[in-house]
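>>> turn this into a structure:
(one chain, ligands or ions: 1)
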Amino acid sequence: MSHFETTAIRTQLERTSYQEHSSPLFLTSSYIFEDAEEMRAAFAEEQERNIYSRFSNPNTSEFAEKVALLEGAEAGFAFATGMSAVYSTLATLLNSGDHIVSARSIFGSTHSLFTKYFPKWNISHSYFNVNEEDKIESLIKPETKILFAESPTNPGVDILDLENLGRIAKKHNLLLIIDNCFATPYLQNPIKFGADLVIHSATKLIDGQGRVLGGVTVGRADLIREIYLFSRNTGPALSPFNAWILSKSLETLPVRLDRHCDNALKIAELLEKEENAENVKYPFLRSHPKYEVAKKQMKLGGNIISFEIKGGLEAGRKFIDNLQLCSRSANLGDTRTIVTHPASTTHGRLTEEERLEAGITPGLVRISVGLEHVEDIFGDIQRALNIEA
Ligand SMILES: Cc1ncc(COP(=O)(O)O)c(C=O)c1O
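Numbering: from 1, shown residues only. Okay, here's the model as predicted:
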């Protein structure tokens, strides 16, 4: 198999008669057939053909196939957003009465799915704390179907041991589903450790420039086939334009990620020396409680750092107000460095108790380190941390 960089660049649609070098954009909602028999055969799936862009489109197929290859997966399907990927994947696989075991530290909207919406269909869940992987097996019931986790987690940058999760899933015959959004296929491939399906919000580092929304699920071909059939009927498909952007973005993922991770490690090391920053967490910092696990399963540490501001909520708000270069925004994985206060934004709908259980303290700050010069990024953070009240 070719190297990651080559696959990311050279996986491409078949050229049209125009012999274009770069993949063109297919903005079409449907496709035509020569005669009634050809149309019948396409609908009967006797031929692999595009029928209607809610089902498939050349650009969305190129993007899904590329992510599948980069993750070492058999197949993939692309979605309009990361959340539609999470929702459609789980809704395809779960039936009334099923149970999910999940890490407690997961993206806020995924938590809302588990706690607010799935109970309507009699689907329940049990959470384990990220530092208590040894309790997972005790949560598994006869009706447990899925083991779900993110690593690194959002926003606490905790690490779960994917090899351990793979072993537990196999032993108990569960489907292991990993939201690999913070790592991207370049830094971590959960399928190697036993994941059945891997989900990405492509809105983040895969786009990498804060332009479009997208999502993708890749993994076992039999499961992707079920997810495709569900999605073909329910309509969460990715738009061809966004797929075209995202497939091109993947071409530069490795070079962007190398610099993101380099900047993030340097900033994390400098932050550790700052008086007003506590509990600096970054997977490739030696002080990270799961440093060894991160090294085992990740190529580099990613671009997300979390830390706590001395002084809690008020000090956190002041720090964010004092920033001049870094953006105050809820997104992550952009060329621009973004600083977020999870307790009042992305995880604001959780109760205080739920936030604390997920490790989100009032003063927790998440930095999505961008591609500006590292001295400019750190200069802004350091100045904002040290302005006297
Ligand atoms: C880990 C994780 N999963 C899923 C999502 C949802 O992605 P989207 O915003 O593309 O729906 C996010 C968004 O921040 C995320 O951080």
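>>> so what's the residue of the stretch 201-350 of the chain found nearest the ligand scoring on pLDDT?
At 3.0 Å from the ligand, residue 201 is the closest residue in the stretch 201-350 of the chain, using C-beta to the nearest ligand atom. Bear in mind the C-beta positions are built from the backbone N, C-alpha and C, glycine included. Residue 201 is assigned a predicted lDDT (pLDDT) of 98.
>>> how about the nearest residue to it, chain neighbours excluded?
residue 82 (2.4 Å; C-beta to C-beta, 6 or more residues apart in numbering).
>>> what sits against the one you found?
Neighbouring residues of residue 82 by C-beta atoms under 8 Å, 6 or more residues apart in numbering: 107, 179, 181, 199-204, 213-215.
>>> restricted to strands, list those.
Counting by DSSP state E, those place 179, 199-201, 215 in strands.
>>> what does this structure put close to the ligand?
Counting by C-beta under 6 Å from any ligand atom, the chain comes close to the ligand at 81-83, 86, 107, 150, 154, 179, 181, 201, 203, 213, 215.
>>> which pair in those spans the largest distance?
Greatest spatial distance among these (C-beta to C-beta): 150 and 213, at 18.3 Å.
>>> so between those two, which is more surrounded?
residue 150 (23 against 18; other C-beta atoms under 10 Å).
>>> phi first, then psi, for the more buried one.
The phi and psi values for residue 150, taken as degrees, to the nearest 10, are phi -120, psi 150.
>>> ok, it to residue 186 distance?
17 Å (C-beta to C-beta, to the nearest Å).
>>> also residue 341?
Distance of residue 341 to residue 186, given as C-beta to C-beta: 28 Å.
>>> still on that earlier bit, can you give me the neighbour number for the residue of the stretch 201-350 of the chain closest to the ligand?
By other C-beta under 10 Å, 28 other residues sit near residue 201.
>>> for it, give the beta-bridge partners.
residue 215 (DSSP bridges).
>>> do I have it right that it meets residue 215?
Yes: contact criterion C-beta atoms under 8 Å: residue 201 and residue 215 qualify, at 5.5 Å.
>>> where do the contact lists of those two overlap?
By C-beta under 8 Å, 6+ apart, the residues touching both residue 201 and residue 215 are 81-83, 85.
>>> need those residues in JSON lines with pLDDT and secondary structure, can you?
Below are the shared contacts of residue 201 and residue 215 laid out as JSON lines (pLDDT from 0 to 100; DSSP: H, G, I helix; E, B strand; the rest coil):
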{"residue": "81", "pLDDT": "98", "secondary structure": "coil"}
{"residue": "82", "pLDDT": "98", "secondary structure": "helix"}
{"residue": "83", "pLDDT": "98", "secondary structure": "helix"}
{"residue": "85", "pLDDT": "98", "secondary structure": "helix"}
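>>> and which of those is nearest to the ligand?
residue 82 (2.4 Å).
>>> quick one on the thing from earlier: now the residues of the chain next to the ligand in a markdown table, with distance to residue 228?
Below are the residues of the chain next to the ligand laid out as a markdown table (distance: C-beta to C-beta, whole Å):
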| residue | distance to residue 228 |
| --- | --- |
| 81 | 17 |
| 82 | 18 |
| 83 | 18 |
| 86 | 16 |
| 107 | 23 |
| 150 | 23 |
| 154 | 27 |
| 179 | 19 |
| 181 | 21 |
| 201 | 19 |
| 203 | 21 |
| 213 | 20 |
| 215 | 14 |
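>>> low-scoring stretches of the chain, by residue?
Along the chain, the model assigns pLDDT under 70 to residues 1, 389.
>>> give the other helices and strands that the longest helix anywhere in it contacts.
Across the chain, the longest stretch assigned as helix under DSSP state H is helix 253-271. If contacts are counted by 3 or more C-beta pairs under 8 Å, 6 or more residues apart in numbering; DSSP states H and E, helix 253-271 sits against helix 4-10, helix 184-187, strand 277-281, strand 304-309, helix 374-386.
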